[in-house]
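Undergrad: Below are the sequence and a predicted model; questions follow.
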Amino acid sequence: MTSLSSDNSSARLQSRSPLSARLVQSRGGLRLLTLIRLRWLAIFGQMSAIMVVYFGLGWPLPFSFCAAAIALSAWLNIFLGLRHRANVRLSDQHASWVLAYDILQLAVLLYLTGGLQNPFAFLFLVPVTVSASSLPLERTLLLGGMALFSSTVLAFYHLPLPWNPADALYLPRLYMVGVWAAVLCGTVFAAMFAWRISEETRQMSAALAATELVLAREQQLSALDGLAAAAAHELGTPLATIQLVAKELKRELPDEASYQEDLELLGSQAARCREILAQLANRADAGDEMHSSFSVSVMLEQIAEPLRGSGVSIDVKLLEAEDGSPEPVLPRNPGILFGLSNLLENAVDFAEDKVEIEAGWSDDRLRLVIRDDGPGISQDVIDRLGEPYVTTRPGYAGDIEDLRDDHQGMGLGFFISNTLLERSGATVTLAQRPPPERGALAIVTWSLPFRDTTSTI
């Protein structure tokens, strides 16, 4: 039970569902409006800074060249705003070019105003951080390399820092090395943090979309009973008419007619159809209480039965309650059925000979334990339980669009099961079986009375 993933069902949904595009992890799609607004903010800040220094403090600096660099950014912003709709999403390539221009424009301004001696040199990390949160890692590395190269050049080649001509300013080389290291560390840290947070958000969004698709499939299957009842109601009248017409024809036609046997067969088959539909209607209406809920033993047998032909022994045990509490009754929740089936299927996949399902309860708690005698769960997987895409199965390279029907594991099985079971009020725990036993165990616990979440999932 090392991969914590029963992925075949999610793989089939991914490859066949019309909503499978929701599972594609898009790293691009940076909105042009976002970049335009950020650049206008930068333009306002840059222009304010040089005007305060040049006009307010009266310190010398190449004002015309600085203003030209800032005006170029403003012109580019206006051009992009007029050329494209503000809500357009840029491709990774175009967004990279826009951010690369921002790095070069900042490098030009810093060259004109003191290089790394300028305290605003830390702004190199802004374009790199924006890239890390929206673009693929390789493009972020290229932009980070450009920022690092620019800051290194500016440490040696730059115009004097604007300063009061009456006061001499000398910054030792060791201090400049420290500033360069600070820019480097700040850029790397901010970029890695933004990239990691964005990556986790993308993975969680895709995994939740997969969970919704699985649950929608389960709810469609649960709705078949209602459709059967509707079909029984709608088809009852036509079948009664067919049966009545067959009887009338049989009575009016001579007994020696060659088609008397056919009429008898038609009437009998119509009657049989009505009986079948009556059984379907009775089962769907069979007491909504009986149909919409089941005991723990019935539920466990229902999820175990499809897997009994897998070659692994599945043993279901019910532990009598010490306080004499009756066997709990659970709502027929598709999320519970799918979640437990996923955990059991995973245990069967990795078991060598036997899987045990043990149910115990008290007046205020229901506890299910699934044990297998397989290789168990590795510690690095246990430490990341609950995260999507945690798997040790082969065949998953980290890209959802590469999924196929014969895919071996995406790492979504336990995430989906855990999400669905937690929505029903359960607590799910997985661990290694204590020595000398071998294998893994999954523990699912509910507080009683049971909280029915069928309508909310």
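TA: Alright, I've got the coordinates.

Undergrad: I'd like the next helix or strand past the strand or helix carrying residue 355.
TA: Element membership for residue 355, per DSSP states H and E: strand 354-361. Heading C-terminal from strand 354-361, the first helix or strand you meet, by DSSP H and E, is strand 365-372.

Undergrad: Show me what that next one is in contact with.
TA: 1, 296, 300, 328, 330, 340, 343-344, 347-348, 350-351, 354-361, 433, 439-448, 450 (CB atoms under 8 Å, 6 or more residues apart in numbering). For every residue, glycine as well, the C-beta is placed using N, CA and C.

Undergrad: Now find how far off-centre that strand is within its chain.
TA: 27 Å (CA atoms, centre = their mean, to the nearest Å).

Undergrad: Partner strands of it and their direction?
TA: Here strand 365-372 is paired, per DSSP bridges, with strand 354-361 (antiparallel), strand 440-447 (antiparallel).

Undergrad: Take it, keep the C-alpha atoms, and write them as CSV.
TA: Presented in CSV, the C-alpha positions along strand 365-372 are these (Å, rounded to 0.1, in the frame of the first residue of the first chain):
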residue,chain,number,x,y,z
ARG,A,365,-17.9,6.7,17.5
LEU,A,366,-17.5,4.4,14.4
ARG,A,367,-14.0,3.1,13.5
LEU,A,368,-13.1,1.2,10.4
VAL,A,369,-9.6,-0.3,9.9
ILE,A,370,-8.3,-1.7,6.6
ARG,A,371,-5.1,-3.8,6.9
ASP,A,372,-3.0,-5.4,4.2
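
Undergrad: How about that strand, which residues are buried there?
TA: 366, 368, 369, 370, 371, 372 (16 or more other CB atoms under 10 Å).

Undergrad: leaving aside the residues next to it on the chain, what's closest to the fourth one?
TA: The reference is to residue 370. residue 442 (4.4 Å; CB to CB, 6 or more residues apart in numbering).

Undergrad: Which stretches in the stretch 51-200 of the chain count as strands?
TA: Along the stretch 51-200 of the chain, the stretches classed as strands by DSSP state E, counting those that start in this stretch are 89-90.

Undergrad: so where do the helices sit in it?
TA: Using DSSP state H, counting those that start in this stretch, the helices of the stretch 51-200 of the chain run over 63-83, 92-112, 125-134, 137-156, 173-222.

Undergrad: Buried deepest among those, which one?
TA: Highest mean neighbour count among those (mean count of other CB atoms under 10 Å): helix 125-134, with a mean of 25.

Undergrad: pretty sure residue 246 is touching residue 269, no?
TA: No: under the criterion of CB atoms under 8 Å, residue 246 makes no contact with residue 269, lying 9.3 Å away.

Undergrad: Settle it for me: which of the two has more neighbours?
TA: Using other CB atoms under 10 Å, the more surrounded residue of residue 246 and residue 269 is residue 246, with 20 against 14.

Undergrad: check which helix or strand covers the more buried one.
TA: Using DSSP H and E, residue 246 falls in helix 224-252.

Undergrad: Tell me which other helices or strands whichever helix or strand comes after that helix touches.
TA: Next along the chain after helix 224-252, taking DSSP H and E as the criterion, comes helix 260-285. If you count contacts as 3 or more CB pairs under 8 Å, 6 or more residues apart in numbering; DSSP states H and E, helix 260-285 packs onto helix 224-252, helix 288-291.

Undergrad: rerun that using 6 Å as the cut-off
TA: If you count contacts as 3 or more CB pairs under 6 Å, 6 or more residues apart in numbering; DSSP states H and E, helix 260-285 packs onto helix 224-252.

Undergrad: Just the mean pLDDT for the helix it packs on, thanks.
TA: The average pLDDT within helix 224-252 is 71.

Undergrad: that older thread, for the strands paired with strand 365-372, give me CSV that also has mean pLDDT.
TA: Below are the strands paired with strand 365-372 laid out as CSV (pLDDT from 0 to 100):
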stretch, mean pLDDT
strand 354-361, 91
strand 440-447, 89
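
Undergrad: and of those, who's closest to residue 169?
TA: strand 440-447 (66.4 Å; CB to CB).

Undergrad: Please list the outside residues in contact with that closest one.
TA: 1, 343, 366-372, 376-377, 425-430, 433 (CB atoms under 6 Å, 6 or more residues apart in numbering).

Undergrad: what does stretch 235-245 give?
TA: Against stretch 235-245 from outside (CB under 6 Å, 6+ apart): 267, 270, 271, 273, 274, 277.

Undergrad: same deal with stretch 171-185?
TA: So stretch 171-185 is in contact with 116, 117, 121, 122, 124, 151, 155, going by CB under 6 Å, 6+ apart.

Undergrad: Distance-wise, check the third one relative to residue 321.
TA: As defined by CB to CB, to the nearest Å, residue 121 lies at a distance of 70 Å from residue 321.

Undergrad: and if you look at the first one?
TA: Residue 116 sits at a distance of 73 Å from residue 321 (criterion: CB to CB).

Undergrad: okay, the two: which has more neighbours?
TA: More crowded of residue 116 and residue 321, by other CB under 10 Å: residue 116, with 26 against 16.

Undergrad: if we can go back for a sec, what is the most widely separated pair among the buried residues of strand 365-372?
TA: Between all members of these, the farthest pair (by CB to CB) comes out as 366 and 372, at 20.9 Å.

Undergrad: just to revisit the earlier point, touching the strand holding residue 355 from outside, list them.
TA: Contacts for strand 354-361 (CB under 6 Å, 6+ apart): 296, 300, 312-319, 321, 328, 347-348, 367-373.
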